[in-house]
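J.: Can you look at this prediction? I've put the sequence above it.
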Amino acid sequence: MIGPHGHRLAGAGADGRPGIAYVDLDRGDPALEIALHRARPWRRIARAGELFAAHRADDPRSRDRTGI
């Protein structure tokens, strides 16, 4: 299981057998502060497609999605 900060929190089946992993995510943990509270606005903007909106091409070839 990978946490919101990108680090491994838990694993299952370390010996090669299937298993189930679970974790209790403490939202007040200082190690998760940036990933949970400060990175979210950036993610929201990126997922909405607004991050590179100013750099998009705007010409007839880019607007026509039916032609090659």
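T.: Ah, there it is. Just so it is clear, the model here is predicted, and its values are computed rather than measured.

J.: per-residue pLDDT, the residue nearest the centre of the chain?
T.: Centre of the chain computed as the mean C-alpha position; nearest residue by CA atoms, centre = their mean is Arg43, 6.9 Å away. Here the pLDDT value assigned to Arg43 is 72.

J.: separation between it and Gly6?
T.: Arg43 sits 13 Å away from Gly6, going by CB to CB, to the nearest Å. All C-beta atoms are positioned from the backbone trio N, CA, C, and that covers glycine.

J.: pull the longest helix from the protein.
T.: helix 40-47 (DSSP state H).

J.: residues in contact with it?
T.: By CB atoms under 8 Å, 6 or more residues apart in numbering, the residues outside helix 40-47 that reach it are Leu51.

J.: roughly how far is it from the heart of the chain?
T.: 9 Å (CA atoms, centre = their mean, to the nearest Å).

J.: Looks to me like Leu36 is in a strand.
T.: No - according to DSSP: H, G, I helix; E, B strand; the rest coil, Leu36 belongs to no strand; its state is helix.

J.: per-residue confidence at it?
T.: 83.

J.: Okay, it and Trp42: tell me how far apart.
T.: Taken as CB to CB, the span from Leu36 to Trp42 is 13 Å.

J.: And Gly67, by the same measure?
T.: Taken as CB to CB, the span from Gly67 to Trp42 is 35 Å.
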